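Undergrad: Sequence and predicted structure are below.
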Amino acid sequence: MAFKHKYPNLKLTLVDAGTQSIRSMLMNGELDIGVIVNQDVPDDLEVDPLICAEMVAVVGQEHPFSSKESIRIEEFLSEELVMFKPGYFHREFVDEASKTHQITPQFSFETNLLPMILNIVKHEYAITALLKLVTDNESDVCAVSFEPRVELDLALAWRKHGYQSIADKTFIEFIKECI
């Protein structure tokens, strides 16, 4: 990791959790900094926008959707899905779309392990929804845009009136320089 290389004496602990969990941990003082969806942010959190990322359907190379430029969410929801467990914005997106379109999704697999999700998709057992940037270096899967296009604004977040160490401030500046 470039940050650890540049600042070898700073300790960095990464937590793998969904947006809602990250927000809760930030508000409870369990985390100093987190990456969240920059939407409906509680007043107690300060945010610094990072990127706008496209949410896409991710399918295997032989899947019928792989040759399409875009699909409707209804088409996506009619397939067998491998999804993150509840709490991740990918899952919240699918759950909300399911309610909106009154379609019960077929969750064939649920896991929070991204390599496992990609492997399941690669082997054509199911499809998923991920940020396009996740698929950019994955040659065994295809990213297919949704119609209409779905974009998420991601932001760094921290407690508005919480203490920020020099290490926290250094990490925030490092991330902003890299993006």
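TA: Everything's here; your move. Numbering: from 1, shown residues only.

Undergrad: which residues touch Gly121?
TA: Residue 121: Val, not Gly. Val58, Val59, Gly60, Val82, Ile127, Thr128, Val141 (CB atoms under 8 Å, 6 or more residues apart in numbering). Any C-beta I mention is one placed from the backbone N, CA and C, and that applies to glycine too.

Undergrad: beta partners for the fourth one?
TA: This points to Val82. Beta bridges link Val82 to Phe109, judged by DSSP bridges.

Undergrad: roughly how far apart are it and Asp44?
TA: 34 Å (CB to CB, to the nearest Å).

Undergrad: who's more crowded, the two?
TA: Neighbour count, other CB atoms under 10 Å: between Val82 and Asp44, Val82 has more, with 21 against 13.

Undergrad: so that one touches Asn112, yeah?
TA: No - between Val82 and Asn112 there is no contact under CB atoms under 8 Å: 11.3 Å.

Undergrad: Need the contact partners of the helix or strand of the chain with the lowest mean pLDDT.
TA: Scoring the helices and strands of the chain by mean pLDDT, DSSP states H and E places helix 2-6 at the bottom, with a mean of 84. Contact partners of helix 2-6, identified using CB under 8 Å, 6+ apart, comprise Leu10, Leu12, Phe171, Phe174, Cys178.

Undergrad: check which helix or strand covers the third one.
TA: Meaning Phe171. Phe171 belongs to helix 166-178 when assigned by DSSP states H and E.

Undergrad: ok, the strand ranked longest in the chain: who's next to it in the sheet?
TA: Secondary structure of the chain read by DSSP state E shows that its longest strand is strand 141-159. The strands beside strand 141-159 in its sheet (DSSP bridges) come out as strand 34-37 (antiparallel), strand 45-60 (antiparallel), strand 70-71 (parallel).
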